[in-house]
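A.B. asks: one predicted model, sequence on top.
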Amino acid sequence: MAYRTAMDALGDRTRRAIFEQLREGPKAVGEIADELPVSRPAVSQHLRVLKEAGLVTERRNGTRRIYRLDPDGLGELRDYFDDFWSEALAAFKALAEDERRTE
């Protein structure tokens, strides 16, 4: 159920904005903060939440920390949505077939 933590993390507007920035590629905290109306410490806190949710990873580059999206965490989130849509489409198909039989 790791997808729940990821979805909760992305429920915040600022974290979604950070997530969207990281879709473009790895970035340092300062680069992310430059594009947002929040401070670097706030961005760091949001990144910590995204990291704990398994959506981002970090690596050190000297004194900087570089963040990028975590493919493993994204895979879990994608699996959830794939299952969700598979079940929804199967239910829709069953309903449509049932309606066709009753006509």
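C.D. replies: It's in. This one's a predicted model, so the numbers in the text were calculated from it and none came from an experiment. Numbering: from 1, shown residues only.
A.B. asks: could you use CA atoms for every contact and neighbour count after this?
C.D. replies: Will do.
A.B. asks: how close does Tyr80 get to Tyr3?
C.D. replies: According to CA to CA, to the nearest Å, Tyr80 and Tyr3 sit 7 Å apart.
A.B. asks: so between those two, which is more surrounded?
C.D. replies: When neighbours are counted by other CA atoms under 10 Å, Tyr80 and Tyr3 differ, and Tyr3 comes out ahead with 20 against 16.
A.B. asks: buried residues in the helix ranked longest in the chain?
C.D. replies: When the chain is parsed with DSSP state H, its longest helix is helix 71-102. By neighbour count on 16 or more other CA atoms under 10 Å, the buried set for helix 71-102 is 73-74, 76-77, 80.
A.B. asks: with stretch 16-35 instead?
C.D. replies: Under the neighbour-count criterion of 16+ other CA under 10 Å, stretch 16-35 has 18-19, 21-22, 26-30, 32-33 buried.
A.B. asks: again with stretch 4-14
C.D. replies: 5-6, 9-10, 14.
A.B. asks: one more: stretch 51-59?
C.D. replies: By neighbour count on 16+ other CA under 10 Å, the buried set for stretch 51-59 is 51, 53-58.
A.B. asks: farthest-apart pair in the residues you listed, please.
C.D. replies: Longest distance between any two of the buried residues of stretch 51-59 is 13.0 Å, between Ala53 and Glu58; criterion CA to CA.
A.B. asks: what about this structure, any weak spots by pLDDT?
C.D. replies: Within the chain, the stretches with pLDDT under 70 are 1.
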